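In: output the structure for:
(one chain, ligands or ions: 2)
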Amino acid sequence: LSERLSGVFDRLTKQGALSEDDVRTALREVRVALLEADVSLPVARSFIKNVEKKATGAAVTKSITPGQQVVKIVHDELIATLRGEGDPGALKIDNPPAPILMVGLQGSGKTTTTAKLAKRLKEREGKKVLMASLDTNRPAAMEQLAILGMQIGVDTLPIVPGEDPVQIAKRAKTQASLAGYDVYMLDTAGRLHIDAELIAQAAAVRDVANPRETLLVVDGLTGQDAVNVATEFDDKIGVTGVVLTRMDGDGRGGAALSMREITGKPIRFVGLGEKMDAIETFEPERIAGRILGMGDIVALVEKAQETLEAEQAERMMKRFQKGQFNMNDLKGQLDQMQKMGGMQGMMGMMPGMAKMSKQIEEAGFDDKTIVRQIALIQSMTKRERANPALLQASRKKRIAKGAGQEVSDLNKLLKMHRQMADAMKKMGKMGKKGLMRGGLG
Ligand code: GDP
Ligand code: MG
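Out: Ligands and ions are numbered 1, 2, ... in the order given. As a prediction, the model looks like this:
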């Protein structure tokens, strides 16, 4: 695949913005990569369509080919799609005893994951955990959990023959309250296929326990099937997160993307082996790299972007040192302020600005002002921007009018520009370090 890709990239070497053609050619390869990673076809399709819209017209970093740039955009988009809200590893376990319900098909790794998570809660958060097996179909399954419990030093609810899952859940709840457990985990029975009885049983247990977390355990090696299972479980039981097991296998993890796109549920953990420590919180970056299988290209583009940014900062610093701070630079600063969350985000980030902040506030400078000031600069000609000294009365009138503002607004902007130019000059003398910290990198 890599070879095929570099072939495509060799053919695409022109610079500038990504054309529709560039994007389409590169995305054809990306599509193959996604399908090879076991992303389901409809998900791969809609994902690519989405990226196609975003990528067309995007800028190409110097020394990078359009194809490589597309891969980077795809990679970033994958991460954004895979990432759920909040911290995937933070289980909701306030209000002890907090119930955690584990559901999923037989063999997906529920029992193993229950014990792995119990161990984590015990060791990392110092929680007192009780585990209970509700798998009445297979007596061996209950013993399996008891043995794992002994291995990791976590209590399991004693086995009482003849009880049904709901009775066990009730007993676990009572026991957890009485004995002061922080968390009790209910490891349910699975089946090879999802069916009405399995769902009904899980729903009955859910109604008794009222779980804070319902984690669906899914074999990460099963592609589309996993997604169907997840949709069904979420519709009928309601899940708060997904655990993908067997991610230590050689599958490329495409199920993760399908799962996110179709169910919208956050992936919380990944299982990476049979051992009790073989579990990690879900990291979208890692899975994205694996799904795409183009880590080299992504790293290359990131490096090029970093180099370019460093070069730009260097160039700017040199100019500032010479006292050259023109309207384009000011616009760059204003754009950056907007990007960094307006005035609030900006204050204190630039050495020059921090001192000026009071002055700026007094002058009534807020986020709306930033937008208006950018409009004023945009209303200037190229020459005027490069050399604000050109701005005499008639030019000022034209510029203000063009931006739908008053000459007095423009004068304020010019005053601010002069103050900043002064600050920059001083800063330039302080040297590169100060400037980089100043957020110009
Ligand atoms: P359950 O039927 O859903 O409770 O599944 P089990 O927890 O009993 O797991 C079934 C098998 O899968 C066991 O042999 C586990 O050791 C194995 N297993 C579970 N999770 C993982 C994992 O993340 N990686 C690997 N390689 N094996 C796993
Ligand atoms: Mg089990």
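
In: could you list every residue that touches the closest residue to ligand 2 within the stretch 201-350 of the chain?
Out: The nearest approach of the stretch 201-350 of the chain to ligand 2 comes at residue 217, 9.1 Å away (C-beta to the ion). (Glycine included, C-beta is placed from N, CA and C.) Contacts here follow C-beta atoms under 8 Å, 6 or more residues apart in numbering; on that basis residue 217 touches 102, 103, 104, 108, 109, 110, 113, 242, 243, 245.

In: how far away is the closest residue in space to it that isn't next to it in sequence from ligand 2?
Out: Nearest residue to residue 217, sequence neighbours excluded (C-beta to C-beta, 6 or more residues apart in numbering): residue 104, at 3.7 Å. Note on residue 104: its distance to ligand 2, by C-beta to the ion, to the nearest Å, is 9 Å.

In: how about residue 81?
Out: According to C-beta to the ion, residue 81 stands 31 Å off from ligand 2.

In: tally of neighbours for that residue?
Out: Number of residues near residue 81 (other C-beta atoms under 10 Å) recorded here: 18.

In: residue ranges in the stretch 1-150 of the chain under the pLDDT threshold?
Out: 1-15 (pLDDT under 70).

In: that one against ligand 2: which residues are in contact?
Out: 110, 111, 141 (C-beta under 5 Å from the ion).

In: hmm, 8 Å instead?
Out: For the stretch 1-150 of the chain, the contact set with ligand 2 under C-beta under 8 Å from the ion comprises 106, 110, 111, 112, 114, 133, 135, 138, 141, 144, 145.

In: which one of those is nearest residue 65?
Out: Nearest to residue 65, judged by C-beta to C-beta, of those is residue 112 at 44.5 Å.

In: can you give me the distance of that closest one to residue 162?
Out: Per C-beta to C-beta, to the nearest Å, residue 112 is found 26 Å from residue 162.

In: which one of these two has more residues nearby?
Out: residue 112 (22 against 6).

In: from the middle of its chain, how far away would the helix or strand containing the more buried one be?
Out: Residue 112 is part of helix 110-125, with elements assigned from DSSP states H and E. Distance of helix 110-125 from the chain centroid (C-alpha atoms, centre = their mean, to the nearest Å) equals 25 Å.

In: ligand 2 versus the spatially most central residue of the chain, what's the distance?
Out: By C-alpha atoms, centre = their mean, the chain has its centre lying nearest to residue 83, at 3.8 Å. Applying C-beta to the ion, the value for residue 83 to ligand 2 is 29 Å.

In: how many other residues sit next to residue 195?
Out: Residues lying near residue 195 (other C-beta under 10 Å) number 10.

In: tell me the pLDDT at it?
Out: Per-residue pLDDT puts residue 195 at 82.

In: got the domain ranges for the chain?
Out: The record's domain parsing of the chain by automatic domain parsing lists 2-85+294-298, 98-281, 322-440.

In: JSON lines for these, including distance to residue 91?
Out: Output for the domains of the chain, formatted as JSON lines (distance: least, C-beta to C-beta, whole Å):
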{"stretch": "domain 2-85+294-298", "distance to residue 91": "14"}
{"stretch": "domain 98-281", "distance to residue 91": "5"}
{"stretch": "domain 322-440", "distance to residue 91": "31"}
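
In: need the winner for burial among these.
Out: Ranked by mean neighbour count, the domains of the chain are led by domain 98-281 with a mean of 20 (mean count of other C-beta atoms under 10 Å).

In: quick check: phi and psi at residue 100.
Out: Recorded main-chain torsions at residue 100 are phi -120, psi 120, according to degrees, to the nearest 10.

In: that one and residue 270, how far apart?
Out: Taken as C-beta to C-beta, the span from residue 100 to residue 270 is 17 Å.

In: what do you get for residue 398?
Out: 61 Å.

In: what residues are up against the residue of the stretch 1-150 of the chain found nearest ligand 2?
Out: Using C-beta to the ion, the single residue of the stretch 1-150 of the chain nearest to ligand 2 is residue 111, 3.3 Å away. Going by C-beta under 8 Å, 6+ apart, residue 111 touches 133, 135, 141, 144, 145, 148, 187.

In: so the first one sits against residue 139, correct?
Out: Pointing back at residue 133 there. No: counting by C-beta atoms under 8 Å, residue 133 sits too far from residue 139 to count as a contact (9.7 Å).

In: who's in contact with the residue nearest to residue 153 when sequence neighbours are not counted?
Out: Excluding the flanking residues, the one nearest residue 153 by C-beta to C-beta, 6+ apart is residue 122, at 7.2 Å. By C-beta under 8 Å, 6+ apart, the contact list for residue 122 reads 128, 129, 152, 153, 154.

In: which two in those residues are spaced the farthest apart?
Out: 128 and 152 (13.1 Å).

In: any idea how far residue 92 is from the residue of the chain found nearest ligand 1?
Out: Closest contact between the chain and ligand 1, by C-beta to the nearest ligand atom, is at residue 271 (2.6 Å). With distances taken as C-beta to C-beta, residue 271 is found 20 Å from residue 92.

In: likewise residue 29?
Out: 41 Å.

In: would you quantify the distance from residue 144 to residue 338?
Out: Noted for residue 144: a distance of 57 Å to residue 338, by C-beta to C-beta.

In: I meant residue 156, not that one.
Out: On the measure of C-beta to C-beta, residue 156 and residue 338 end up 56 Å apart.

In: residue 264 now?
Out: 30 Å.

In: swap in residue 281?
Out: Residue 281 is 33 Å from residue 338, by C-beta to C-beta.
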